[in-house]
Each structure stands twice: as C-alpha cells, then as structure tokens.
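from the sequence below, what's the structure:
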Amino acid sequence: MSEQLPPPIPTYRLRSLPQSIGFRTFVILLLGLLMLIPLYIAERVVQERSSNYQTAIQTIAHTWGKKQTLTGPVLVVPYVEHFTTVDTTVDENGENSVVSNDVFNDRTAILLPENLEIRSDLKEEHRQRGVHDALVYTANISITGKFNHEQLTQAAESERRILWSKAYIAIGLDDTRAIDNASSFFWNDGRIDLAPGTRLNKLLPTGFHVPLSVNADSNPSNEFKLTLSVRGSEGLFFAPLGENTKILMTSAWTHPSFQGELLPDKYDVGEEGFHAEWEIPHLVRSYPQYWVLEDKLEEAYNLRSVSAGVSLYEPAALYVQIARAVKYGALFIALTFVVFLAFEMSLKRRLHVLQYSIVGIALSLFYLILLALAEHIGFRYAYIAAAATTVIGITAYMGIILRNARRTGLLFLLLATLYGLLYLLLQMEDYALVVGVGLLLLATVIMMFVTRHLKQTD
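Prediction:
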C-alpha cells in the first residue's frame, strides 16, 4: 500500500510570497536588525572619540590645574608632655625605697578654627587642545577666621611645655602647582610668608604651611586672613573645618552642579551666574575640634570626609549628546522603514530590499557626519548640516524611485520632522522618555491607519 503524499503547493503561491505584506514586513524587520551593525560601528567611533576627548581634558587639567579641594587651615602646636613615674623597690636589707622618674614626651596638638569664613569667586574660561575644548577656572579665594588655643594652656606649665616658637599653620590643597598667586598670611597684625609643604604627610598630603610665633601671654584668640588665586578644572570644594563655617561662592557660570556631602543653604542661579552660601556647624563632621596627633588618629581622621562645593557642569556635553543620539538610531531607522512600508502599501509599489538597505546605511552615516562636524563647528550647527544632508539625500533618492512629487514632498516633511524631534529629545533630558514613547505610539497609530483595510489573503 503506497503512502499518500500531501498535495504540492501551487507555484503561483510561491511566486506571490515575496510580494505578500506579511513576508515583506518580516524581511524589513530582519533588515532593520541588520542595520544595528552600522549603528554599533558608529557608537564605537563615538566612544573612541570620547575617550580621546577625556585624554585631552586630563592633559589640560594636568598642566592647568586639577579638581581642587582646599582643606584648612589647621593650627599645629608641638609641646612637651611632662609626668613623673613613681616606682617602689626593695633593697638587699628588705627596706622599701621610692624612686621617682621624670618622663618627657614630645607631642603635637591639632587645633581647628573656632570660626571660619571662605569666599571664592570663580572665573571660567575654555582651553583647547587640538579640536577638543575644556572648561577650566581661576578661583580667587579669601579665607578669614579665628583660632582659640585656650584648650592648650589649661594644663599647668609643669605638666605641659608648649613650644610656641615651633607652631605653624597647615593648609591642604590638592594641586599646589596651580597656585597663581598667594598673599602673605596675616596672623593678628603680623604678616608671615608662606612655605611649601604641610609637614603633615598623612593628614594633609599636599598643600603649604605658615610658620608662626604665637605669644602665649597674649589673648588666646587669634585672627587670621589669607587670600590666594588658584587654577583648576571640573570643580572646587572646601572642607568645613571651623566650629562654625561659612562658605560663599560666586561665578558668572550659569550651569553649576552643587556637589559634595553638603548642599548650599541658599543659592541663586540666573543668566548672570550663580551665588551660593553654606553655613555649616561642626556637628556634621566625624572628627573633633582638637586632638593630639598620633599615627592611628592621623589615619582615622579624614578631614575631607565632608566637603561642600561646586562642579562647573556643561549641559549636554558634545559626546554625551552624540552618544544619546546614536542610542535613538534604532528607533529612527524603524520609524523611517515604517514610513516607507506605509508608502508601499498606499502606492501599491514595492521597494527593493537593497533600497531599504541603502536608506538604512544613510541613516547610520548621519551620526558619523554629526560627530565629524561637531568637533569643529559645535553640536547645533553640525546637527543642522548632518540632518539636512541626510534628509535631502534620502528624499532625492526616493524621489527618483517613487516618481511622485507629492509623496516625495511628504517624505521630506516626515524625515525633517523626525530629525527635529530627535533634536528636541537630545535637549530635553528630563522628558526624553516621554517624547520617545510618544514617537513609538505615533508610529503604531500610523501603521494601524495604513493597515486598516488589509485582508487575510494579503
């Protein structure tokens, strides 16, 4: 008994399969996935250029000045601690004898300011290295305050001999090479020159110090003042070492990003720049106002554990914008293919898969054109030029294929609208997701409208 074979598929169905809407939709979807390859290549190029930019920024920062954190001032007072030990010994005759020994230990006391006020004014500027541009600043800083060393003098002179002639002020600064100008340090009515190094290698690794000659018989409350100008990049921060610390920062830069562990109590950001104020009590810190310097404490007390300051933020930096644009690439290729598929269905004219591929590659090239131009003429003008080149090129190409002026004009408007919406997406960081979802919803509605008359046989 012979097996019955299923009837062969009619040849006319096989011939019509490539023309069916379902099959072409599947092929276009597959082609859209393949277009992720040139998008990935474009993304890698953007990442490479962004890495080159970061290298250039670090080079500029190394020569101009790095991110600065100013820590200080702290009053360092050496003293000799004296105490007597009493030992009881028994001699050969069994008699007890008392032996006293004087012990002298060298100690170093660390005192933080009773009051500390820091005022800084940042003047931003741009420095270039090749095609890359870096935002840097010069900060004019004024530091005033008061030390009270009464805690040191509470012990009797026989127990603690303070070496006032060896006392000094230490101030920490991350990049001392970037000091533009530093006035002498004013201690009460006296003027003292600055000296390099903090002499506190663990507590304040980099900075400078001021040798003092404090009169123990005078008022234990001593006022100080220091003005200096430092260069830097990225940001400027201060450690609130005072028992009561007040920080005031001003700049003409209109895009501050307040960072650190403490946000300003008051701030105002406008077209003329920003103004910010901090009033910080000592209770926010994990270290005391006064302690005796020891190795274990020098490592335990991190004077920079709490800081307040600002970063000079550049909104939507060049490579960040381009990287975000590339991430929307798949969405825009999909939307463009949806438009072309809608044209196919409305015109009853089939486009070749190769024509879809050429359009997809042109859409991917948009990002490389944008990157190449943006490094020279800025993002806005580069975007206009790249979008115009892409839209006009695709429209002219499809105009020759469609041979329909009305449809070609409509295609031009749709593509121009898509790139206009992409630009808005890149500018509106907070609402980018909402707009992106809206575009997907719009594409879905368009496909619903175009396919409303499709039948199962199509």
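
got a pLDDT number for N105?
On pLDDT, N105 comes in at 82.

can you report how many residues neighbour T89?
9 (other CB atoms under 10 Å). In this view, the C-beta of every residue, glycine as well, is placed from N, C-alpha and C.

host element of it?
strand 68-90 (DSSP states H and E).

which of the residues in that strand are buried?
With burial defined by 16 or more other CB atoms under 10 Å, the residues of strand 68-90 counted as buried are 68-79, 82.

swap in stretch 122-137?
L122, E124, R127, H132, D133, A134, L135, V136, Y137.

next: stretch 303-311.
In stretch 303-311, counting by 16+ other CB under 10 Å, buried: L303, R304, V306, S307, A308, G309, V310, S311.

which residues does V310 form beta bridges with?
With DSSP bridges as the criterion, V310 is bridged to L236, F258.

per-residue confidence at it?
Per-residue pLDDT puts V310 at 95.

if I look at it, how far off is V77?
Between V310 and V77 the computed distance is 33 Å (CB to CB, to the nearest Å).

same for the helix or strand where H126 lies, what does it pack against?
Per DSSP H and E, H126 falls inside strand 115-129. Judged by 3 or more CB pairs under 8 Å, 6 or more residues apart in numbering; DSSP states H and E, strand 115-129 is in contact with helix 36-64, strand 132-148, strand 235-238, strand 244-251, strand 308-312.

flag every buried residue along the first one.
What that stands for is helix 36-64. Residues of helix 36-64 classed as buried by neighbour count (16+ other CB under 10 Å): 38-39, 42-43, 45-46, 49-50, 53, 56-57, 60-61, 64.

tabulate those residues in CSV, adding columns for pLDDT and distance to I369.
Output for the buried residues of helix 36-64, formatted as CSV (pLDDT from 0 to 100; distance: CB to CB, whole Å):
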residue, pLDDT, distance to I369
P38, 86, 13
L39, 86, 14
A42, 86, 10
E43, 87, 15
V45, 88, 11
V46, 87, 12
R49, 86, 13
S50, 84, 17
Y53, 83, 18
A56, 83, 22
I57, 82, 24
I60, 85, 27
A61, 84, 30
W64, 92, 32
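
out of these, the closest to E261 would be?
Closest approach between the buried residues of helix 36-64 and E261, by CB to CB: A61, at 23.0 Å.

as a whole number, average confidence for the helix or strand harbouring V435?
Using DSSP H and E, V435 maps to helix 432-450. On average, the pLDDT along helix 432-450 is 77.

now swap in stretch 272-281 and tell me
Average pLDDT, stretch 272-281: 94.

what do you get for stretch 345-357?
What stretch 345-357 shows for mean pLDDT is 77.

is M249 bridged to anything, and to what?
Bridge pairing for M249 - DSSP bridges - gives S120, A276.

quick check: buried residues in the host helix or strand of L421?
Take DSSP H and E as the rule and L421 turns out to sit in helix 405-427. Buried residues in helix 405-427, counted by 16+ other CB under 10 Å: 407-408, 411-412, 414-415, 418-419, 421-423, 425-426.

about what we covered before: turn the helices and strands packed on strand 115-129 into CSV, including distance to I358.
CSV is the format used below for the helices and strands packed on strand 115-129 (distance: least, CB to CB, whole Å):
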stretch, distance to I358
helix 36-64, 12
strand 132-148, 34
strand 235-238, 47
strand 244-251, 50
strand 308-312, 44
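
looking at these, which is closest to A443?
helix 36-64 (17.7 Å).

let me know the angle separating the closest one from strand 115-129.
120 degrees (axes from the mean of the first three to the mean of the last three CA atoms, to 10 degrees).

so which one among the buried residues of strand 68-90 has the lowest pLDDT?
H82 (75).

pretty sure that one contacts R107?
No - H82 lies out of contact with R107 (CB atoms under 8 Å); the separation is 10.5 Å.

show me what the helix or strand that contains L331 is packed up against.
L331 belongs to helix 329-347 when assigned by DSSP H and E. Applying 3+ CB pairs under 8 Å, 6+ apart, one finds that helix 329-347 contacts helix 21-34, helix 36-64, helix 353-377, helix 379-402, helix 405-427, helix 432-450.

recalculate using a threshold of 7 Å.
Here helix 329-347 touches helix 21-34, helix 36-64, helix 353-377, helix 405-427, helix 432-450, going by 3 or more CB pairs under 7 Å, 6 or more residues apart in numbering; DSSP states H and E.

list the buried ones in that helix?
329, 331-345.

what angle separates it from helix 21-34?
160 degrees.

just the CA atoms of helix 329-347, as PDB, please.
Provided in PDB are the C-alpha atoms of helix 329-347 (Å, rounded to 0.1, in the frame of the first residue of the first chain):
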ATOM      1  CA  GLY A 329      19.300  55.300  16.000                       C
ATOM      2  CA  ALA A 330      17.400  52.000  16.000                       C
ATOM      3  CA  LEU A 331      14.200  53.900  16.800                       C
ATOM      4  CA  PHE A 332      14.700  56.300  13.900                       C
ATOM      5  CA  ILE A 333      15.600  53.600  11.400                       C
ATOM      6  CA  ALA A 334      12.500  51.700  12.400                       C
ATOM      7  CA  LEU A 335      10.300  54.800  12.100                       C
ATOM      8  CA  THR A 336      11.800  55.500   8.600                       C
ATOM      9  CA  PHE A 337      11.200  51.900   7.500                       C
ATOM     10  CA  VAL A 338       7.600  52.200   8.800                       C
ATOM     11  CA  VAL A 339       7.100  55.300   6.700                       C
ATOM     12  CA  PHE A 340       8.500  53.500   3.600                       C
ATOM     13  CA  LEU A 341       6.300  50.500   4.200                       C
ATOM     14  CA  ALA A 342       3.300  52.700   4.500                       C
ATOM     15  CA  PHE A 343       4.200  54.300   1.200                       C
ATOM     16  CA  GLU A 344       4.500  50.900  -0.400                       C
ATOM     17  CA  MET A 345       1.000  49.900   0.800                       C
ATOM     18  CA  SER A 346      -0.600  53.200  -0.200                       C
ATOM     19  CA  LEU A 347       1.100  53.500  -3.600                       C
END
